[in-house]
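Q: I'll drop the sequence and a predicted model, then ask my questions.
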Amino acid sequence: MLEISKIRENSKEVVQRLKIKNFEAADLINKLLDTDVKRRETQKQLDDVLAESNAISKEIGELFKTGQADKAGALKDKTAQLKVLAKDLATKLDELSADQNKTLVLLPNLPNASVPTGKSSEENAIVYSEGEVVNLDEKALPHWEIAAKYNIIDFELGTKITGAGFPLYKGKGAKLQRALISFFLEEAIAAGYTEYQPPLMVNEASAFATGQLPDKDGQMYHVQIDNFYLIPTAEVPVTNIFRDMILNENEMPLKCAAYSQCFRREAGSYGKDVRGLNRLHQFDKVEIVQITTPENSYNALEEMSKYVQSLLRKLELPFRVAKLCGGDISFASAMTYDMEVWSAAQKRWLEVSSVSNFEAFQANRMKLRYRNAEGKMQLAHTLNGSALALPRIVAALLENNQTDKGIKIPKALVKYTGFEYVD
RNA sequence: GGAGAGGUGGGUGAGUGGCUUAAACCAACAGUUUGCUAAACUGUCGUAGGGGUAACCCUACCGGGGGUUCGAAUCCCCCCCUCUCCGCCA
């Protein structure tokens, strides 16, 4: 959520910047500014009425204390009038505030000035790539066939137990999952992140704070009986650790890592994009989160991006880095890098990580602030990224590493899997 | 699920109708003193919204919402949460 004070000061710039996100904000901003003026006028009127009323109440108190209770009658009548007035003004103020907030949450975060313009993922800027794109002969199998061949992932059984998009891992497939989780967590700890194990369900306030509610309501599984939401990413519970907190500048940056299973309804998805492990309702992910100062948040973004790249390098996967264009960047993000790995049999790039700087957008929603060196209170900046999401990593590993002896496990992983080949 | 107790500032915790944004203590910050650290002393120390060029002023906030009253942290109602005991249970 953008801050109204900032919008008030730079309304033209806000409209300009949102154009990069292909968001036409002029009408909303005008409405917002108009409501803002009315809101402040009403606030002033209400405050004045309350001030007068408070003053009279004090007088009445004095009269009672000095034994002149008989003189209080007229004053009581006056406060009765003011009370009616105050009630009307308060109602009006509530309406205006609610109206303003409703408009405010519709506005996406401002993109960073360096974000390229563009309509869709086609126009993302590829800023880096590394590794040889693997070319396989015609015998190369897509990962869902490899999974069946070596009996390591059973999609049909998952469907039987639950439904499509809930795969069942078994044998070396299950162990590979566990190995990747351990690998990612150990790497994160070595890079200075503190490991967390968060709840997999969150309440409404948490889902709102990170921006899943109200707009992405249908994307989450909702446990109605207790009004909890299954988390779509560990970002939600982990960032919410710091909701309503006031941090000290010297304890930042806070670096958190968490493994969790993630649940997404993915309503409306179908086709080859969702084949096999490409898109699931339940999947595993290690997420990294940083809370830092506005001065440092872009350094942190680069650091996180580099860190994710180091993981892909250790997994010996060819990858490229896309800086998302305005049209592809998410609602809450100011700047995002996507890491994509090459999937040799599907012959396409798969997004395995998305690293974003949300600046103060989430912090404003969740009142996450810090005291700077001068003791002044400010909104912190939040960042997060996948490090990494498992299914597509597994897909790429299976497809890219096909050999006559089986699927070769990258060296860095062997100490976690305990085997060198899936066979 | 049943019964009971409770929710006050960064923390502990006092406060049962006006003198309470709220004592006291701790923490924090600044200064004085000391050879450094520590200790002691002195001072500062809520957030948000609004008004004013400014000094400063006004308003709201004691889990959330409603009510009683001229006036509510305090009385009443509803809801949420936490803790203890019982029940159930990995």
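A: On my side now, so go ahead.
Q: the strands in the stretch 151-300 of chain A, which residues?
A: A:153-154, A:168-169, A:194-196, A:201-202, A:222-223, A:228-230, A:246-248, A:254-263, A:282-292 (DSSP state E, counting those that start in this stretch).
Q: Give the rounded mean pLDDT of the second one.
A: I take that to be strand A:168-169. Strand A:168-169 shows a mean pLDDT of 96.
Q: likewise the fifth one?
A: Regarding strand A:222-223, the rounded mean pLDDT is 86.
Q: Give me the contact status of it with RNA strand B.
A: No: remark: strand A:222-223 sits outside contact range of RNA strand B, by C-beta under 7 Å from any atom of the strand, the gap being at least 12.5 Å. The way it works is simple: take the backbone N, C-alpha and C, and place the C-beta from them, glycine included.
Q: Pull the contacting residues for the residue nearest to A:Y221 when sequence neighbours are not counted.
A: Spatially, and ignoring its direct neighbours in sequence, A:Y221 is nearest to A:L230 (4.0 Å; C-beta to C-beta, 6 or more residues apart in numbering). Counting by C-beta atoms under 8 Å, 6 or more residues apart in numbering, A:L230 touches A:200-201, A:220-223, A:263.
Q: does A:L230 have beta-bridge partners, and which?
A: A:M201 (DSSP bridges).
Q: just A:D154 next, same as before
A: A:L168.
Q: Look at it and report its pLDDT.
A: For A:D154, the predicted pLDDT is 95.
Q: for the one 5 residues further on, same thing?
A: Model confidence at A:T159, expressed as pLDDT, equals 92.
Q: how does chain A divide up, domain by domain?
A: Chain A resolves into domains spanning A:4-104, A:121-422 when parsed by automatic domain parsing.
Q: returning to what we had before: the residue nearest to A:Y221 and RNA strand B: what is the separation?
A: Between A:L230 and RNA strand B the distance is 17 Å, computed by C-beta to the nearest atom of the strand, to the nearest Å.
Q: And for A:R265?
A: 24 Å.
Q: I'd like to know how many residues surround that residue.
A: Using other C-beta atoms under 10 Å, A:R265 has 17 neighbouring residues.
Q: Can you verify my assumption that it contacts A:K216?
A: No: the pair A:R265 and A:K216 does not pass the contact test of C-beta atoms under 8 Å, sitting 9.7 Å apart.
Q: those helices in chain A, which residues are they?
A: Under the criterion DSSP state H, chain A contains helices at A:4-9, A:11-20, A:26-65, A:72-104, A:143-149, A:155-161, A:172-190, A:204-209, A:235-240, A:297-314, A:361-366, A:390-400, A:411-417.
Q: now these in a markdown table, with mean neighbour count?
A: Listed next are these as a markdown table, based on neighbours: other C-beta atoms under 10 Å:
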| stretch | mean neighbour count |
| --- | --- |
| helix A:4-9 | 14 |
| helix A:11-20 | 17 |
| helix A:26-65 | 15 |
| helix A:72-104 | 14 |
| helix A:143-149 | 20 |
| helix A:155-161 | 14 |
| helix A:172-190 | 18 |
| helix A:204-209 | 19 |
| helix A:235-240 | 26 |
| helix A:297-314 | 19 |
| helix A:361-366 | 24 |
| helix A:390-400 | 26 |
| helix A:411-417 | 15 |
